[in-house]
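> please find the sequence and the predicted model below.
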Amino acid sequence: MNIELKYFTGTGNSLKVLEICNSIFKNSGHATSISEISLNEKSLPESNFLGFCFPVYAFGIPRICRKYLKGLEPFKMKQNVFLLITAGDSEESGFAISECRKILRKKNCEIIYSAIVQMPINWTTSPKPPYPPSKEEAIKIIKEAEIKTKEIAQDILDGTVKHHDFNYPKRFSIFKFYWDYLLFKYLGVQNMWRLFEVYNSCNACGLCAKICPSNSIQIINQKPVWSETCEQCMRCVNFCPKESIYQLQGGDTKGKNKYHEPDYKPKYNYS
């Protein structure tokens, strides 16, 4: 079989999950291709399986993922698709699967499998718990995710059909769940970039700008400045060598654990 794999990741979780799937598929003798989504990509090759893996941001998928899926040309032949979503809590996937499903159905895609894989939280600027785990705790979570992902990959190869049920955190009321989802989707993410600041420890090394997946950071007057295309992926926060980046309104990061998947090395952009 030919299997096409596409992902978006902030700190490596979604890539890790697809890399595990990729390894299982390859070891089973299938031809695979794995790559990061690009808004410039408007068509994908026909394949036996097309797999997506995205993170959850406030009970939905990132804007860039939504825009990418909407920009794809419909497939001429029915395309079998599996959807994997990474989340800091398996009960917080919310509308992530349904958002993808709604868009992909219009692209002549049939969702044959969907699942949530719990990975370590990376939202270091959260004004309240939960925060990123310690390195030891993160490794434990990742190992458990590896086991689950291998089972998922084998399910897909075996032709097992599974669909993740919609869910939201038990600690939330339905009103608070919808409030947080809609607030972030239609107001929060468009403005949260304004909250980014740096401590005096920032030395304007520019790493944050070089690794930003949405090209949303510029170094101006020896200081990083964010823009409205910021996805709140936390890559800049968790890779900053000086741990200098934080957010206003309760987003302090001093003394907090930082997290990125241990093997993840983000690509540099020089645009």
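Thanks, I have it. Numbers count the residues shown, from 1 in each chain.

> phi and psi next, for the residue of the chain most remote from its centre.
Distance from the C-alpha centroid of the chain, by Cα atoms, centre = their mean, peaks at residue 221 (30.9 Å). With angles defined as degrees, to the nearest 10, residue 221 sits at phi 50, psi 50.

> and it, how far is that from residue 215?
19 Å (Cβ to Cβ, to the nearest Å). Where you see a C-beta, it was placed from the backbone N, CA and C, and this is true even at glycine.

> before we move on, back to that, residue contacts, the residue farthest from the centre of the chain?
The contact partners of residue 221, by Cβ atoms under 8 Å, 6 or more residues apart in numbering, come to none.

> switch to 10 Å and redo it
When contacts are counted by Cβ atoms under 10 Å, 6 or more residues apart in numbering, residue 221 touches residue 204.

> again, but for residue 184
Residue 184 touches 57, 58, 59, 60, 190, 192, 232, counting by Cβ under 10 Å, 6+ apart.

> follow-up on the earlier one: against residue 245, how distant is the residue farthest from the centre of the chain?
16 Å.

> likewise for residue 7?
24 Å.

> neighbour count winner among those two?
Under the criterion of other Cβ atoms under 10 Å, the comparison of residue 7 against residue 245 puts residue 245 first, with 26 against 23.

> quick check, that one in contact with residue 205.
No - applying Cβ atoms under 10 Å as the test, residue 245 and residue 205 come out as separate, 11.7 Å apart.

> so which residues make contact with the helix or strand of the chain with the lowest mean pLDDT?
One helix or strand of the chain scores below all others by mean pLDDT, DSSP states H and E: helix 174-183, with a mean of 85. Applying Cβ under 10 Å, 6+ apart, the contact partners of helix 174-183 are 58-60, 92, 94-95, 167-169, 171-173, 188-189.

> most neighbours among those residues, please name it.
Neighbour max across those (other Cβ under 10 Å) = residue 94, 25 neighbours.

> show me the contacts for the residue nearest in space to the middle of the chain.
The centroid of the chain falls nearest to residue 55 when counting by Cα atoms, centre = their mean (2.7 Å). By Cβ under 10 Å, 6+ apart, residue 55 lies in contact with 7-11, 13-14, 17, 61-62, 65, 85-88, 96, 119, 122, 231, 233-234.

> and it, how close does it get to residue 230?
Distance from residue 55 to residue 230, by Cβ to Cβ: 15 Å.

> still on that earlier bit, need the residues touching each of residue 245 and residue 205.
In contact with both residue 245 and residue 205: residue 224, using Cβ under 10 Å, 6+ apart.

> could you point out the helix or strand that follows the helix or strand containing residue 113?
Per DSSP states H and E: residue 113 is located in strand 109-118. Of the helices and strands lying after strand 109-118 in sequence (DSSP H and E), the nearest is helix 135-157.

> can you pull the buried residues of that following helix?
138, 141, 142, 145, 148, 149, 152, 153, 156, 157 (16 or more other Cβ atoms under 10 Å).

> for residue 105, state which of these is nearest.
Nearest to residue 105, judged by Cβ to Cβ, of the buried residues of helix 135-157 is residue 156 at 19.1 Å.

> ok, now how distant is that closest one from residue 240?
37 Å.

> what bridges to the nearest residue to residue 194 once chain neighbours are set aside?
Spatial nearest neighbour of residue 194, excluding adjacent residues (Cβ to Cβ, 6 or more residues apart in numbering): residue 226 at 7.6 Å. Counting by DSSP bridges, residue 226 is bridged to residue 217.

> and the pLDDT at residue 226?
Predicted confidence (pLDDT) for residue 226: 98.

> how close does residue 216 get to residue 42?
Residue 216 is 22 Å from residue 42, by Cβ to Cβ.
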